[in-house]
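Participant: Show me how the following folds:
(chains A, B, C and D)
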2 protein chains.
Amino acid sequence: MPEPDDKTALYFSFFNEIGIIGQLSGRMLESALPAGFLVSHFAVLNHLVRRGDGSTPLALARAFQVPKTTMTHTLSGLEEAKLIRFAPHPDDGRSKCVMLTDKGRRFRDVAIERLKPELALMAERFSPDTIASAVELLARMREYLDQRRDE
Amino acid sequence: MPEPDDKTALYFSFFNEIGIIGQLSGRMLESALPAGFLVSHFAVLNHLVRRGDGSTPLALARAFQVPKTTMTHTLSGLEEAKLIRFAPHPDDGRSKCVMLTDKGRRFRDVAIERLKPELALMAERFSPDTIASAVELLARMREYLDQRRDE
DNA sequence: ACTATCTTGTTCGATATCGCACGATATGGA
DNA sequence: TCCATATCGTGCGATATCGAACAAGATAGT
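Facilitator: A predicted model of the protein is given here:
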């Protein structure tokens, strides 16, 4: 390492590992989805199931930290596949509400079911406790970066 | 959560956090790069500095777990900016060696210098020890996913 | 040496992602 | 009320990413 006297490299390797795991897990997840669907589609459906639907596109874009144009594109794919539908926003004429359809919920459930064996295998090597504490750190990191971003 | 009886959701949130941090850290890093350069460019340069240059494009693609077509594209951008150059492969006529140029090394050093304040701030909240142990877990996870991928 | 098969890098086409700029609506102050 | 400014979603163009197919070179079996 060229800078043995500082910790910079450590933090870079952290983000480097994050990036690579993002790649690998994305591929793994996509292999469990029908052709043409991506992580971004699944992630939105999963979010809607877990946090409840009715969010606006902008709220979703912020939740995943992607530009709103990207979210528009992702949502239009989901709508075309009838996995979500849009409802008018009750208070704000500029906005809309993203609603899960039954088909969307089933799509997400099937994907999860298809991934369960893989996750079970993973759980043999990485205990829920290990992952839970990692999630704790990662969530803190996400919140920190998110807040820094806004400043 | 819809499946209170299994740990599936925990593992999903792990990968979800990974994805979001990937987004956020990518943006942060790109803000320290000249316009038109992306994380992928920096990541390759950083890899070449730390692991030494002379790798082949395919080896780099594997290191970052991206398709080789993607690496071809990334490398062509770096070559056009004269941050790397290609040398013929001594043993294999199909392949080539990716070599850092002085300009490439400086590019990487400048980027790191520009990021140091941000990382120093981060280090106040996330100690090197914390990050080091996270890197350990992440590296294990990467190796695991990598190996699963090949099966 | 010959040939079948594998490996490496690229080209090509399709699509995802992103920044910019716009129209529509909301908000707040004069 | 009226206007300036902010916010929400989208259209557009540029570029990144990826899978499929290919050409050139390597490899292994005969």
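Participant: where does chain A have low pLDDT?
Facilitator: In the predicted model, chain A carries pLDDT under 70 at residues A:1-6, A:150-151.
Participant: need the residues of it near DNA strand C, please.
Facilitator: Residues of chain A lying close to DNA strand C by Cβ under 7 Å from any atom of the strand are A:36, A:38-40, A:66-67, A:69-70, A:73-74, A:77, A:91-94. Heads up, the C-betas are built off the backbone N, CA and C, glycines and all.
Participant: Let me know how buried the residue lying closest to residue A:16 once chain neighbours are set aside is, in neighbour terms.
Facilitator: Across the structure, with Cβ to Cβ, 6 or more residues apart in numbering or on different chains as the measure, the residue nearest residue A:16 apart from its sequence neighbours is residue B:43 (6.6 Å). Counted by other Cβ atoms under 10 Å in any protein chain shown, the residues lying close to residue B:43 total 23.
Participant: right, and residue B:43 touches residue B:63 too?
Facilitator: No. Residue B:43 sits out of contact with residue B:63 when judged by Cβ atoms under 8 Å, with a separation of 9.1 Å.
Participant: who touches both of the two?
Facilitator: Among the neighbours of residue B:43, none is also in contact with residue B:63 (Cβ atoms under 8 Å, 6 or more residues apart in numbering or on different chains).
Participant: hang on, the earlier thing: right, and the pair among the residues of chain A next to DNA strand C with maximum separation?
Facilitator: Within those, A:36 and A:91 form the most distant pair, 34.8 Å apart (Cβ to Cβ).
Participant: which one of these two has more residues nearby?
Facilitator: residue A:36 (9 against 5).
Participant: Need the residue closest to the centroid of chain A.
Facilitator: Most central in chain A under Cα atoms, centre = their mean is residue A:43, positioned 4.0 Å from the mean C-alpha point.
Participant: Residue of chain A closest to DNA strand C, please.
Facilitator: Checking chain A residue by residue against DNA strand C with Cβ to the nearest atom of the strand singles out residue A:93 as nearest, at 2.8 Å.
Participant: Flag every buried residue along the helix or strand containing the residue nearest to residue A:16.
Facilitator: Here residue B:43 sits within helix B:39-51, counting by DSSP states H and E. Buried residues in helix B:39-51, defined by neighbour count with 16 or more other Cβ atoms under 10 Å in any protein chain shown: B:39-49.
Participant: And stretch A:81-88, by the same measure?
Facilitator: For stretch A:81-88, by 16+ other Cβ under 10 Å, it's A:81, A:83-85.
Participant: who's in contact with it?
Facilitator: Stretch A:81-88 is touched from outside by A:37, A:41, A:44-45, A:48, A:53-54, A:75, A:78-79, A:96-101, A:103-104, A:107, with contacts defined as Cβ under 8 Å, 6+ apart.
Participant: change it to 7 Å
Facilitator: In this structure, residues lying in contact with stretch A:81-88 by Cβ atoms under 7 Å, 6 or more residues apart in numbering or on different chains are A:45, A:75, A:78-79, A:96-101, A:103-104, A:107.
Participant: now do stretch A:132-147
Facilitator: Contacts of stretch A:132-147 from elsewhere in the structure, counted by Cβ under 7 Å, 6+ apart, are B:10, B:13-14, B:17-18, B:20-21, B:24-25, B:28, B:125-126, B:130, B:134, B:137.
Participant: Narrow those residues to those in helices?
Facilitator: Among the contacts of stretch A:132-147, the residues falling in helices (DSSP state H) are B:10, B:13-14, B:17-18, B:20-21, B:24-25, B:28, B:125, B:130, B:134, B:137.
Participant: Good, we can wrap up now.
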